[in-house]
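Enquirer: need a 3D model of the sequence below.
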Amino acid sequence: MSSPQPSSGRKSAHKPDIAEDLARAIFAGEHPPGYFLPRELDLCAHYGVSRSTVRSALQQLVSAGMLTRISGQGSRVRELTDWHLLDPRVSDWMARFAQPNPRIQRDIFAFRVAVEPFMARLAAEHATAADLLAIETAWHDMIRALEAPDRCCEGRSHDEHDVAFHEAIFAATHNLLWAQLSHMLKPAIGLLVETSNHSAAELSDSMERHRRLMEAIRLRQPDAAEQAALSVLERTGLDLGFESLFDHPSPRLRLPGVDVPEPG
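Expert: Sure, this is the predicted structure:
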């Protein structure tokens with residue numbers, strides 16, 4: 001089976017970001033797992049750069065877990081499970097280039113369904129006044145953005161305020177690793193938010209679900225916060241066409257020593 005051709009691109013006066021362009025093509029499925037990228041000399045000709053520049057770009061993708069270099073054969077795309085998706089640059093590429101890839105979208109969403117309800121529970125237990133202010137500010141900015149003709153508030157879009165809302169909830173857990181995870185997942189969460197199909201009715205329903213989550217955290221009601229977070233994700237799942245995940249939901253996150261009663 002022949003190798004795919006380099007992704008279409010235009011030579012310009014400034015040097016292209018070859019690693020980023022190849023990552024775009026890989027995320028878009030132009031170079032599927034198991035395929036070899038075009039030869040280094042072909043990439044040099046395509047991008048109009050030296051061989052050392054191409055090798056440096058390929059090494060970035062090797063470090064990201066997306067490629068493996070095979071002596072005498074070239075650079076082969078690794079399986080998706082090998083990619084370092086929580087690497088900040090890889091997660092940024094994923095947010096910008098993975099929209100055509102339904103598997104990536106679905107896996108990101110399934111992870112959120114497993115994790116975010118538990119984060120909401122922790123936030124209800126540990127949020128400070130400053131945390132509550134950050135959550136409420138993000139929610140109010142979402143509302144104000146929806147009322148604006150360009151759907152922006154304070155120079156940021158509704159979707160950006162939506163991501164900030166969820167990021168504030170992660171921060172309100174006051175767990176160092178969870179807070180860091182929110183920073184790494186921020187581009188991935190943004191991908192799902194931007195991809196959601198937002199009609200006026202869907203947005204109104206989504207905002208009400210976000211409000212109930214915010215109120216449960218503010219009132220320090222862990223059970224209600226967990227269920228409200230799941231409700232927010234159900235709305236997102238409907239918008240993305242992933243509602244089947246809720247027919248057989250993933251097990252909720254559990255941590256040793258943390259008693260989380262089953263709803264019922």
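Enquirer: quick one: the residue most central in space within the chain from residue 227, how far?
Expert: Within the chain, one residue has its C-alpha closest to the average C-alpha position: by CA atoms, centre = their mean, that is residue 188, at 0.7 Å. Shown here: residue 188 relative to residue 227, a distance of 23 Å by CB to CB, to the nearest Å. No exception for glycine: its C-beta is placed from N, CA and C like everyone else's.
Enquirer: same check on residue 93?
Expert: Distance, residue 93 to residue 227, by CB to CB: 34 Å.
Enquirer: show me the contacts for the closest residue to residue 62 other than its chain neighbours.
Expert: In space, not counting the residues next to it along the chain, residue 62 is nearest to residue 69; the distance is 6.0 Å by CB to CB, 6 or more residues apart in numbering. If you count contacts by CB atoms under 8 Å, 6 or more residues apart in numbering, residue 69 has them with 58, 62, 75.
Enquirer: of those residues, which is the most crowded?
Expert: residue 75 (26 neighbours; other CB atoms under 10 Å).
Enquirer: for that residue, list the residues it contacts.
Expert: When contacts are counted by CB under 8 Å, 6+ apart, residue 75 is found next to 36-37, 58, 61-62, 67-69.
Enquirer: could you redo the last one with a cut-off of 6 Å?
Expert: When contacts are counted by CB atoms under 6 Å, 6 or more residues apart in numbering, residue 75 touches 37, 58, 67, 69.
Enquirer: pretty sure the third one sits against residue 59.
Expert: No. At 8.7 Å, residue 67 and residue 59 do not qualify as touching, with contact defined as CB atoms under 6 Å.
Enquirer: let me know the closest of the contacts of residue 75 to residue 23.
Expert: Within these, proximity to residue 23 (CB to CB) peaks at residue 67, which comes in at 9.8 Å.
Enquirer: and the nearest residue to that closest one once chain neighbours are set aside, what element?
Expert: Nearest residue to residue 67 in three dimensions, chain neighbours excluded: residue 61, at 4.3 Å (CB to CB, 6+ apart). In this assignment (DSSP states H and E), residue 61 forms part of helix 51-63.
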